[in-house]
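Student: What follows is a predicted structure for the sequence shown.
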Amino acid sequence: MVKRGRDPEKTASLRQLLLCWYQHSRRDLPWRRSADPYAIWVSEIMLQQTRVAVVAERYKAFMARFPTLVSLALAPEQEVLALWSGLGYYRRARMLHKAAQFVADHHKGNLPVTAGELRTLPGIGAYTAAAIASIAHGEPVAVVDGNVERVLCRLAGWGAGSRSGGGAALRHKVENLASQLVDPTHPGNFNQALMELGATVCLPRNPQCRMCPIAADCVTRGEHKTPPRPKMQSREVACALSVRIGMHPGQASREVLLEQRADSLTVMPGMWELPSLADPAIPGDELRMTVRHAIMQVNYCVRVRTVFEDDVEKLLPPDGDRRWVPLSEAAGIALTGLARKVLARAHLLPTAPL
């Protein structure tokens, strides 16, 4: 049986409506002011599983420190991770760094141009490769992220997303539809328009259908059926905040005790964090603060205890790769997001370095 594609006139109309809407309604985001493939690459990696508002601030600091691919390739990994702090999913930063080093060594510092070539780099999958190739180089390839998948499922009247029960078959249908729709003349703007529509109008809950430029072509016009999201887990942990006066050449300065996570761990290996307490029970008069912190599918309630230098050996487990770090240097090392949050709330880490 021969597959029937979309009606060419309807497709042309949809493209025009979406591109016109995007031109007038798109958000002014820092990475949209550049056609530099490196800048686009950095932004796309940062935006994976991270809110736009968080990325916008960290992106500026990251690009100020690493304005070119070569500057990123030459930087120590710990410095790259320090600038990534607050974005989470630190494996992305490590793969970005490795890919930059590979490009510097094998491509004279220039990113490949086509989506197919980009996919050969460490940490660059189909989505990121298509985004860079279409936005920076005008290659007519479709980009399919979670927002685009939701828009197209609703547009075509399909049910759950591919990760919510639809599986590989639905994913294939979505990718096929996206390839049919992508504008061959303005593929970068078209792909960004679909992603923008999903992020601002065709929302997972309570979509703003009256504001949608392609609502007339949409079968669903509203929320489509999806399985309920898995519930977040709750967990309580306790950590130590220990500060002392350290002697350095010429002057005394405050230092904080930090512990480095083992490289063998799957989550945040090599990052620096506040040490865990041997006993999670904290007397009321020793409780410094309570902090809420979410990592992936877990909501942590973190109880922070003040631990004086003389009590470190008594209250902390005997093992652990710990060292005293001057507070003037702490903001510049690869701190976990939780450690950065606690130190900032304790007014020990007022600003992050650029």
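Tutor: Yep, that arrived. Numbers count the residues shown, from 1 in each chain.

Student: Strands of the stretch 201-350 of the chain, start to end?
Tutor: Using DSSP state E, counting those that start in this stretch, the strands of the stretch 201-350 of the chain run over 233-241, 243-248, 251-260, 272-273, 287-295, 298-306, 321-326.

Student: and these as JSON lines, adding distance to residue 93?
Tutor: Quick note: C-beta positions are derived from backbone N, CA and C, even for glycine. As requested, the strands of the stretch 201-350 of the chain are arranged in JSON lines below (distance: least, C-beta to C-beta, whole Å):
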{"stretch": "strand 233-241", "distance to residue 93": "23"}
{"stretch": "strand 243-248", "distance to residue 93": "28"}
{"stretch": "strand 251-260", "distance to residue 93": "16"}
{"stretch": "strand 272-273", "distance to residue 93": "14"}
{"stretch": "strand 287-295", "distance to residue 93": "15"}
{"stretch": "strand 298-306", "distance to residue 93": "21"}
{"stretch": "strand 321-326", "distance to residue 93": "20"}
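
Student: how about those, which one is nearest residue 133?
Tutor: strand 287-295 (32.3 Å; C-beta to C-beta).

Student: tell me the SS of residue 71?
Tutor: helix (DSSP: H, G, I helix; E, B strand; the rest coil).

Student: what residue ranges in the stretch 1-150 of the chain score low on pLDDT?
Tutor: Where the stretch 1-150 of the chain drops to pLDDT under 70, the residues are 1-5.

Student: quick one on the thing from earlier: quickly compare the strands of the stretch 201-350 of the chain and say which is most buried.
Tutor: strand 272-273 (a mean of 22; mean count of other C-beta atoms under 10 Å).

Student: For residue 130, give me its contacts.
Tutor: 115, 139, 141-144, 191 (C-beta atoms under 8 Å, 6 or more residues apart in numbering).

Student: quick one: low-confidence ranges for the stretch 151-300 of the chain?
Tutor: Across the stretch 151-300 of the chain (using pLDDT under 70), the flagged ranges come out as 160-166, 224-229, 248-250, 252.

Student: can you give me the helices for it?
Tutor: Ranges of helices in the stretch 151-300 of the chain, per DSSP state H, counting those that start in this stretch, are 167-181, 187-200.

Student: how close does the closest residue in space to residue 177 that isn't next to it in sequence get to residue 123?
Tutor: Nearest residue to residue 177, sequence neighbours excluded (C-beta to C-beta, 6 or more residues apart in numbering): residue 152, at 5.3 Å. Per C-beta to C-beta, to the nearest Å, residue 152 is found 26 Å from residue 123.

Student: repeat for residue 55
Tutor: 17 Å.

Student: same deal with residue 301?
Tutor: Taking C-beta to C-beta, one finds residue 301 at 33 Å from residue 123.

Student: those helices in the stretch 1-150 of the chain, which residues are they?
Tutor: 8-25, 37-47, 52-65, 69-74, 77-84, 91-106, 115-118, 126-137, 146-156.

Student: These into JSON lines, with extra columns for distance to residue 264?
Tutor: JSON lines is the format used below for the helices of the stretch 1-150 of the chain (distance: least, C-beta to C-beta, whole Å):
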{"stretch": "helix 8-25", "distance to residue 264": "45"}
{"stretch": "helix 37-47", "distance to residue 264": "24"}
{"stretch": "helix 52-65", "distance to residue 264": "27"}
{"stretch": "helix 69-74", "distance to residue 264": "26"}
{"stretch": "helix 77-84", "distance to residue 264": "16"}
{"stretch": "helix 91-106", "distance to residue 264": "14"}
{"stretch": "helix 115-118", "distance to residue 264": "31"}
{"stretch": "helix 126-137", "distance to residue 264": "27"}
{"stretch": "helix 146-156", "distance to residue 264": "31"}
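
Student: Tell me which of these sits nearest to residue 221.
Tutor: helix 146-156 (7.7 Å).

Student: contacts for the closest one?
Tutor: Counting by C-beta under 8 Å, 6+ apart, 144, 158-162, 166, 170-171, 173-174, 177-178, 181, 191, 194-195, 197-199, 202, 204, 207, 214, 217-222, 224 sit against helix 146-156.

Student: Done for today, thanks.
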